[in-house]
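Undergrad: sequence? don't have it. structure:
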């Protein structure tokens, strides 16, 4: 699992991601817009979930973006 905007961006650039979960309530949206564009270009599924940050913050991961790594 990859956690955080910067880490997910780096992993996308290296083609190490198979799916992405984003917090739909991110404000400003510009923070995650580049991730959405990159995922679309690479045909990687993106799920925008309301309240994702709140749910994962309770688990100890205060982030707006999660991604699943590709396992070879």
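TA: Sure, I can see it. The shown structure was predicted, so the numbers you read here are calculated from the model rather than taken from an experiment.

Undergrad: switch to C-alpha atoms for all contacts and neighbour counts from now on
TA: Fine.

Undergrad: find the centremost residue of this structure, please.
TA: Centroid-nearest residue in the chain: residue 65, 3.4 Å away (criterion: Cα atoms, centre = their mean).

Undergrad: and the helices in the chain, which stretches?
TA: 5-13, 30-41, 52-58 (DSSP state H).

Undergrad: what is the mean pLDDT for the strand ranked longest in the chain?
TA: In the chain, with assignment by DSSP state E, the single longest strand is strand 17-23. For strand 17-23, the mean pLDDT works out to 95.

Undergrad: so what strands line up beside that strand?
TA: Next to strand 17-23 in the sheet, as set by DSSP bridges, lie strand 46-49 (parallel), strand 65-69 (antiparallel).

Undergrad: confidence-wise, which helix or strand of the chain is lowest on average?
TA: Sorted by mean pLDDT, DSSP states H and E, the helices and strands of the chain end with helix 52-58, the least confident at a mean of 83.

Undergrad: list the helices and strands that helix packs on?
TA: Applying 3 or more Cα pairs under 8 Å, 6 or more residues apart in numbering; DSSP states H and E, we find helix 52-58 packed against strand 17-23.

Undergrad: now the strand it packs on against helix 30-41, angle please.
TA: Here strand 17-23 points in a direction 150 degrees away from that of helix 30-41 (axes from the mean of the first three to the mean of the last three Cα atoms, to 10 degrees).
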